[in-house]
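> Provide a 3D model corresponding to the input given below.
(2 chains)
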Amino acid sequence: MKKILSTARGHLMTGISWSIPMIIGAGMLVGIPSIIGLMFGVTSWGEFAGTGTIWQFLELIRNVGWAGIGLFNVVLAGFIAYSIADKPAIGAGFIAGYFANQRGTGFLGAVVLAFVAGYAAKYLIKKMNFNNQYLQQIKGVVFIPLLTVTAVGIVAAIVDTPLVNLNLGLVNWIRMMSESGTNSLLLAVIIGAMIAADLGGPINKAAFTAVTALIAEGIFTPAVFMRVAICAIPLGYALAVFIKKDKFSNDLQGQGIGAFVMSLVGITEGAIPFVLANPLKLTIINIIGGSVGAGLAALLGAATEIPMFGGVYGFLAVTQNSWAYLVGVLAGALIVCAGALAFGDFNVKKLDESADADEIVFEEL
Amino acid sequence: MNIVGIAACPAGLAHTPMAASALTKAGKKLGYNIKIEQQGVMGQVDKITAEEATAADLVIIASDQKLEGMDRFEGKKVYRVNINTCISSPEKTIEKLVSVAQGGN
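This next block holds a predicted model:
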């Protein structure tokens, strides 16, 4: 069972890994013209159609970005299926994701149907064998594509009502949470803690994917909370190096600038080299810093109406109380910095001491 | 002994190169001929060629994801390890896998 879950997680991560570059590029392509528009007080873009102005031009660019955001579930589902059963599954996976978009089952529908597409293809590749050479060739071009999509279709029809309701319920619930004071605080704390928990690992990416799926649903504020935590943690270690250089080994001193840049552009992974020094203690500190920073931004009313990506400079895309975003980042960073200086042990060369030979688990392929 | 491998993580920008450089450094220190391919956000970096794959005695996969070009390692001793283990304990990881590949435990 554990093995099945970890394999499934691997497939999900593969899908996420293929969609990240697309969603970041597309999100920023919506965000940048939106920020330019905000500077000139432009918020409703629809009215510029056919005017031949620069705003019409920017609106078209924004729409290219929106096209990419709309593809999130499609690419995710396609590459989950691809991860499970290669080329024979990818088409059914794309169809699954597109259908989930259209049907309003969103991210949940896309993931469920992608697994159906992948495992159906995998099963057919393995079990469907003909003695006749011609049938065997037709299998690849006709039988497997047909039956894989059929499997997606049948499951989609069966789970349609519950999934539509579940997804709608979840989306509405989170929309409500992100809009009301105390609830948005709770949401921000959870997202911040998840981002901090493993810095780019599965928990972090689960939060990232959920927030991205919400952007695809038109709910933008959770991304603000997430970005606070993402920026705060590497910034905390950069500050710690800046304040007390002697506490860090030569290697880590050099990583201080790197962590600073990672914070500016919004990559939590910049903190990893530091966290490796005392993984357990520092993870707890990161979780506190990430969740307090994100929570503070929520409490102070940071919110946005446009897709938000990016690092510290992302405050430009925070349409309400953008200062609160920066306060959140700084507060989170100061907590991480103080915690790291108080409890971290960064000067010892600790190569290869963290695991016993017995603890190294491997799997023979 | 020739060791090759692939490192890959979901975002493909931090764990991937860290694991690749940790394994490469540790492998060289232990006296092996080692090359680790990265399958990160930039696609395949430091790609293992067909010749290098054929010459390999041991293949380390530092990832739980789907990887490109696994057919290169057909018939080889291929071991999948958690990418974090490779970053934090690269030497012990290599030592252990070498001993397993050579028939110890």
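> Name the helix or strand of chain B that has the lowest mean pLDDT.
One helix or strand of chain B scores below all others by mean pLDDT, DSSP states H and E: helix B:83-88, with a mean of 88.
> which helices and strands does the helix or strand following that helix pack with?
Proceeding N to C from helix B:83-88, the next assigned helix or strand is helix B:90-101, under DSSP states H and E. Contacts defined by 3 or more C-beta pairs under 8 Å, 6 or more residues apart in numbering or on different chains; DSSP states H and E place helix B:90-101 against strand A:362-364, helix B:15-29, strand B:58-62, strand B:78-81. Backbone N, C-alpha and C define where each C-beta goes, glycine included.
> Would you reformat the ones you listed as CSV and include mean neighbour count and mean pLDDT?
Below are the helices and strands packed on helix B:90-101 laid out as CSV (neighbours: other C-beta atoms under 10 Å in any protein chain shown; pLDDT from 0 to 100):
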stretch, mean neighbour count, mean pLDDT
strand A:362-364, 13, 81
helix B:15-29, 22, 92
strand B:58-62, 25, 95
strand B:78-81, 21, 94
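> Can you say which of those is nearest to residue A:15?
Between residue A:15 and the helices and strands packed on helix B:90-101, the shortest separation by C-beta to C-beta is 16.9 Å, and it involves helix B:15-29.
> list the helices and strands the closest one packs on?
helix A:272-275, strand B:2-7, strand B:33-40, strand B:58-62, helix B:83-88, helix B:90-101.
> In the least confident helix or strand of chain B, which residues are buried?
B:83, B:84, B:85, B:86, B:87, B:88 (16 or more other C-beta atoms under 10 Å in any protein chain shown).
> nearest to chain A, of these?
Of all the buried residues of helix B:83-88, chain A sits closest to residue B:88, with 4.7 Å by C-beta to the nearest C-beta.
> So what does residue A:205 look like in phi/psi?
phi -70, psi -30 (degrees, to the nearest 10).
> Tell me where the model's unsure across chain B.
B:104-105 (pLDDT under 70).
> what does chain A have sitting close to chain B?
Residues of chain A lying near chain B by C-beta under 8 Å from any C-beta of the partner chain: A:6-7, A:9-11, A:13-14, A:16-17, A:20-21, A:82-83, A:199-202, A:205, A:267, A:269-270, A:272-273, A:276, A:279, A:351-357, A:360-365.
> Tell me, how many residues neighbour residue 93?
In the absence of a named chain, this looks at chain A. Neighbours of residue A:93 under the rule other C-beta atoms under 10 Å in any protein chain shown: 32.
> try again with chain B
28.
> and the helices and strands packed on helix B:15-29 as TSV, adding distance to residue A:240?
Converted to TSV, the helices and strands packed on helix B:15-29 look like this (distance: least, C-beta to C-beta, whole Å):
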stretch	distance to residue A:240
helix A:272-275	8
strand B:2-7	28
strand B:33-40	27
strand B:58-62	28
helix B:83-88	20
helix B:90-101	25
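> tally of neighbours for the residue of the stretch 151-300 of chain A found nearest chain B?
Closest contact between the stretch 151-300 of chain A and chain B, by C-beta to the nearest C-beta, is at residue A:269 (3.0 Å). The local packing of residue A:269 (other C-beta under 10 Å) involves 23 other residues.
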